[in-house]
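**Student:** no FASTA, just this:
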């Protein structure tokens, strides 16, 4: 009786619409490499782990759609989307990529490349539930998602980005979770929301520009873009704000105001973010150690570099370097251990 009560408690809700048709079709396509977890809040997770000996494909229809947060860990594939208005779009997926999607009224034809191991984690949440969770900060999400959550329109979108080191750490924690039962559901609930918020924060640059952004004179826009290019080329020896403004052909007051309007951050906030993105790429390649990476990016104090990397990605560069270059790891996928089914944490 107790087991039956638990199954009823976490039973599949009845108001999920035709999104279930997609999940049923996808489960058949995965042939056993499919784990579907429904959390008490209504958030759903699908773990995909499919070895493919030959090219494989499946089509499915999506009616009333959830917002989907996808994380592709290994393997390559694509989805050919056909929308109700007749518009088509091809979505390519590869290891280390992530995506925020909303595709109501869509038919999708998926295809996985042959002779590979395809792994992914998909998180599904109803638009209304996500809007309720974000509340007053709903305007901080990407513009395409904001319009959906704010009931302005229901235009389909697929917004792609890379899986950041911070997101990889959360994924690693999910895949290595050793809790069971209610503890497992509570843990997945918190980590799923953490992943969602992390991806929303990292795609914040796709927010709708403020009205004032659209009225920057073309000449100033060109100068501000030139200033950004100068900054990127001189990442190891960045100029002062006044020097940068002079080289770009604009005064420093206009540069400061216009740069924030165009890029959503300050001049040197943009430089910090760019440095961290480059640091992640350098460490992923494994061609430099932490000290060399810091020096290459203009940090004369490695401790300062470590602090900025931790603040940006939620982990130290040394820890990240060890994680992505663990012995025996394949270069095209993220390394995760399989849950052993213990009843408690490690």
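**Tutor:** Noted; the coordinates are in hand. No experiment lies behind these values; they were computed from the predicted model shown. Numbering: from 1, shown residues only.
**Student:** Tell me, how many residues neighbour residue 262?
**Tutor:** Using other Cβ atoms under 10 Å, residue 262 has 18 neighbouring residues. Just so you know, the C-beta spots here come from the backbone N, C-alpha and C atoms, and that holds for glycine as well.
**Student:** excluding its backbone neighbours, what's nearest it?
**Tutor:** residue 224 (5.6 Å; Cβ to Cβ, 6 or more residues apart in numbering).
**Student:** Go through the protein and flag its longest helix.
**Tutor:** Ranked by number of residues, the top helix in the chain under DSSP state H is helix 181-202.
**Student:** Contacts for the following helix or strand past that helix next, please.
**Tutor:** Tracing the chain past helix 181-202, the next element assigned as helix or strand by DSSP states H and E is helix 218-233. Residues from elsewhere that reach helix 218-233 (Cβ atoms under 8 Å, 6 or more residues apart in numbering): 216, 238-239, 244-245, 247-250, 254-255, 258-259, 262-263, 267, 270-271, 274.
**Student:** Tell me which other helices or strands the longest helix of the chain touches.
**Tutor:** Judged by 3 or more Cβ pairs under 8 Å, 6 or more residues apart in numbering; DSSP states H and E, helix 181-202 is in contact with strand 67-74, strand 97-102, strand 116-125, helix 165-175.
**Student:** Please point out which parts of it sit buried.
**Tutor:** Neighbour counts over helix 181-202 (16 or more other Cβ atoms under 10 Å) mark 184-185, 187-189, 191-196, 198-200, 202 as buried.
**Student:** that older thread, show me the one of the helices and strands packed on helix 181-202 that comes nearest residue 148.
**Tutor:** Evaluated with Cβ to Cβ, the helices and strands packed on helix 181-202 place strand 97-102 nearest to residue 148, the distance being 5.5 Å.
**Student:** What strands flank the closest one, and is each parallel or antiparallel?
**Tutor:** Strand pairing for strand 97-102, using DSSP bridges, gives strand 67-74 (antiparallel), strand 157-162 (antiparallel).
**Student:** Tell me the confidence at residue 5?
**Tutor:** Looking at residue 5, its pLDDT is 38.
**Student:** With residue 162 instead?
**Tutor:** 86.
**Student:** same check, this time on the one 5 residues further on
**Tutor:** With respect to pLDDT, residue 167 has a value of 88.
**Student:** would you turn the helices and strands packed on helix 181-202 into TSV with distance to residue 50?
**Tutor:** Shown next, in TSV, are the helices and strands packed on helix 181-202 (distance: least, Cβ to Cβ, whole Å):
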stretch	distance to residue 50
strand 67-74	10
strand 97-102	17
strand 116-125	5
helix 165-175	16
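**Student:** Quick check: which element contains residue 49?
**Tutor:** Assigned by DSSP H and E, residue 49 belongs to strand 44-52.
**Student:** Which elements pack onto that strand?
**Tutor:** By 3+ Cβ pairs under 8 Å, 6+ apart, strand 44-52 packs against helix 19-30, strand 34-38, strand 116-125.
**Student:** Now the longest helix of the chain: average pLDDT?
**Tutor:** Rounded mean pLDDT across helix 181-202 is 92.
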